[in-house]
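**Q** Next one to model:
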Amino acid sequence: MAEHYKPVKYLPWEMSLEERFQEYYPAYSEREAVLEANRCLYCHDAPCMVACPTTIDIPTFIRKISTGNVKGSARTILESNLLGASCSRVCPVEVLCEGACVLQHDHKPITIGRLQRYAMDYAQEKNIEFFQKGEPNGFKVVVVGSGPAGLSCAGELAKRGFDVTVLEKREWGGGLDTYGIVVFREPVEVSLGEVKMMEKLGVKFKFNTEVGKDVSFEDLVKEYDAVFVSVGLGAVPEMEIPGEKMEGVHDGLEFIEETKVKPLKDIKFGNRVCVIGAGNTAIDCATIARRLGSERVSIVYRRSEAEMPAYHFEYQFAMKEGVSFMFLTQPVEVIGENGKIKALKCKRMDLGQPDASGRRSPVEVPDSEFEIPCDMLITAIGQKKLTYITDKLVNEFGVKLIKGYISVDEKTNRTAHPKIFAGGDCIRSHGEASTVMAVEDGKIAANGIHVTLCGEGAHREPALASKK
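**A** Numbers count the residues shown, from 1 in each chain. Presented below is the predicted three-dimensional model:
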């Protein structure tokens, strides 16, 4: 299995704070990139390309690196995935392209993600503009949310000549790529650079603008020819246990966000930290705490290792970082003293029959309560659905839901309303939610909007910048 992480060599006191939060691997040098690219077999029916949700022509972009045509390599990537820089860093390549590499079993798979990053970094450093805004076609589209699905849709439409406006309730664009991906996985400059790319394509951004507060959804449907909803999901839900409002209890996503928007020295952390949940966000929170300097970090999860939603390579990385795991453990109360956390009271669990998720259900073990000493608690147990958006769409525009997520046509990402399309985490009622899947959602919706407004015969090549 390809290594995706660079474990901290000395945790955490023998490295500076800044060093602990650098990207996992240093960027490839030209020599390293060419040597790695020359290992590729350039398969005819490349399984890595099939495994990529955005169907990047991986053998072609790697071959171009091997021949010194890094600009052409970057173009090949961006033609399929406008957020190639983010995806090169945050894609779970071990279970996608690299996991499908034919060299996986007998040799080391090609480090496709790092090669993609090499090409993307080259294009960014050279300030190369591969695309330009298409000839205006007279149609206006509004995108609600500037996460990866929204940016992907906006960029693809701009290339085709649409007048695109993106509404973002926060100060910066990029969604979770900007605010919710741990800084040593993706620096904030990478995702903000992709927002700048869309601006250069002619996409207009309105930041600090929230639908339902600063502008009504009704007005958007009236004013624009199509609306693309890419609002993602909300905050981490409450655990609904006594004491969780106490000082020292933190939302996992907000904890990650601090590493993106604050000086590292200003981030508060505990000496003994408990993280509730066992998904990829929980892993990120635990490793952040360790790298900040927490002496003991424990992930508390009510099911077993086999049921944890985090990728296995994430689990391995966390253990290398010194994070401990307490499986079959259910938090039942946050215990405090003088208004501050003192311990987390838990119960032991067994596993019963599978539930709706297909995982075995946790069942309490009688008389098994015990306490875990801690002075900081981080909750990372998923995200709330944004009901203020979905309720409006359902009640006033006839949009359908599946398990609380927006229902769309898989070929076009159009909802039951002819002018409303959707993509990203807000439609992910099944399967993995990830940046690369959101990017593909945006592409599908852009094509759907294009065909809906311009007609079936309207497919044409998007405008390209000079190929000099």
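**Q** was I right about Lys385 contacting Gly234?
**A** Yes - look at Lys385 against Gly234 with Cβ atoms under 8 Å: they come within range, at 6.8 Å. C-beta: built from backbone N, CA, C; applies to glycine.
**Q** of those two, who's got more company?
**A** The neighbour comparison of Lys385 against Gly234 (other Cβ atoms under 10 Å) goes to Lys385, with 19 against 16.
**Q** Assumed the more buried one was part of a strand.
**A** No - per DSSP: H, G, I helix; E, B strand; the rest coil, Lys385 lies outside any strand segment and is coil.
**Q** The residue lying closest to it once chain neighbours are set aside: what's it in contact with?
**A** Leaving aside its chain neighbours, Lys385 sits nearest to Gly404 (4.6 Å; criterion: Cβ to Cβ, 6 or more residues apart in numbering). Listed by Cβ atoms under 8 Å, 6 or more residues apart in numbering, the contact set of Gly404 reads Lys385, Thr387, Thr390, Ser429.
**Q** wait, doesn't the last one sit right on Lys403?
**A** Yes - between Ser429 and Lys403 there is a contact at 4.7 Å, judged by Cβ under 8 Å.
**Q** and those two? which has more neighbours close in?
**A** Ser429 (13 against 10).
**Q** Kindly state the pLDDT recorded for the residue of the chain most remote from its centre?
**A** Most distant from the centre of the chain: Asp367, at 40.1 Å, with distances by Cα atoms, centre = their mean. pLDDT recorded at Asp367 is 94.
**Q** Does it belong to a helix, a strand or coil?
**A** Assigned with three-state DSSP, Asp367 falls in the coil class.
**Q** What of the one 4 residues further on?
**A** Applying three-state DSSP to Glu371 yields a three-state assignment of strand.
**Q** Just give me the neighbour total for it.
**A** Neighbours of Glu371 under the rule other Cβ under 10 Å: 12.
**Q** how close does the residue lying closest to it once chain neighbours are set aside get to Ile299?
**A** Spatially, and ignoring its direct neighbours in sequence, Glu371 is nearest to Ala343 (4.2 Å; Cβ to Cβ, 6+ apart). Here the criterion is Cβ to Cβ, to the nearest Å. By it, Ala343 lies 16 Å from Ile299.
**Q** With neighbour numbers in mind, choose between these two.
**A** Set side by side, Ala343 and Ile299 show more neighbours around Ile299, with 28 against 20, by other Cβ under 10 Å.
**Q** is it true that the more buried one touches Thr329?
**A** No - between Ile299 and Thr329 there is no contact under Cβ under 8 Å: 9.5 Å.
**Q** Mind listing what's buried along the longest strand along the chain?
**A** Under DSSP state E, the strand in the chain containing the largest number of residues is strand 340-354. Using 16 or more other Cβ atoms under 10 Å as the test for burial, strand 340-354 gives Ile341, Lys342, Ala343, Leu344, Lys345, Cys346, Lys347, Arg348, Met349, Leu351.
**Q** Relative to Arg360, how far out is the last one?
**A** Which is Leu351. From Leu351 to Arg360 the distance is 4 Å (Cβ to Cβ).
**Q** joint contacts of those two?
**A** What both Leu351 and Arg360 touch, as defined by Cβ under 8 Å, 6+ apart, is the set Arg303, Ser304, Glu307.
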